[in-house]
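Q: sequence plus predicted model, see below.
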Amino acid sequence: MGDPIRISPKEASEKLEQGYVYVDVRTTEEFEAGHPKGAVNVPLMHASPRGITPNPDFLRVVSSAFSKDAKLIVGCKAGSRSLRAAQLLLAEGFTDVLDQRAGWTGAPGPFGEAGERGWSPLGLPSETGQPTGRSWDDMKKKLG
């Protein structure tokens, strides 16, 4: 398994215009508060009373919703969950997966200082809520 290609939020926005689909791997609550316009929500992790737990359906849902050669961009809050999700998808046989660095809010620098700005601080096209057909509940229905 190779490491995914990592791109900036601006590059991700440009790729969406070229037919890529943005897969937001944040929790449903994070997604609802704001996400890239047109994104689908397939959380890598779930928030629960026990804390953050892995989503056991992540790979199954993405595999049911998209072909292995689908053009996918994965993003999260700051870039760590999306990197892990991209690695998992590549290992699962997906061939065109890009990881958006800096996520929704931005990535801290190596010493905790402000680093690369994310999608939201850059003012890229965004929306809120759980859009029909792109929410986690709707994505789970693709399992059949």
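A: Received, thanks. Worth saying up front: this structure is predicted, and the values here are computed from it rather than measured. Numbers count the residues shown, from 1 in each chain.
Q: L143 and D57, how far apart?
A: According to Cβ to Cβ, to the nearest Å, L143 stands 7 Å off from D57. Placement of C-beta: from N, CA and C, glycine included.
Q: so where do the strands sit in the protein?
A: Assigned by DSSP state E, the strands in the chain fall at 5-7, 21-24, 35-36, 40-41, 45-48, 51-54, 71-75, 96-100, 106-108, 114-117, 126-127.
Q: strands paired with the last one, and their directions?
A: Read it as strand 126-127. Strands adjacent to strand 126-127 in the sheet, as given by DSSP bridges, are strand 35-36 (antiparallel).
Q: chain center to the strand it pairs with: distance?
A: Strand 35-36 sits 9 Å away from the centroid of its parent chain (Cα atoms, centre = their mean, to the nearest Å).
Q: which residues touch it?
A: When contacts are defined by Cβ atoms under 8 Å, 6 or more residues apart in numbering, strand 35-36 is touched by residues 12-13, 16, 22, 24, 26, 41, 75, 104, 119, 124-128.
Q: circling back: L143 and D57: which is more packed in?
A: For L143 versus D57, neighbours defined as other Cβ atoms under 10 Å are more numerous around D57 (16 against 11).
Q: residue contacts, the more buried one?
A: For D57, the contacting residues are 140, 143, by Cβ under 8 Å, 6+ apart.
Q: how near is it to L83?
A: Plainly put, D57 is 20 Å away from L83 if you go by Cβ to Cβ.
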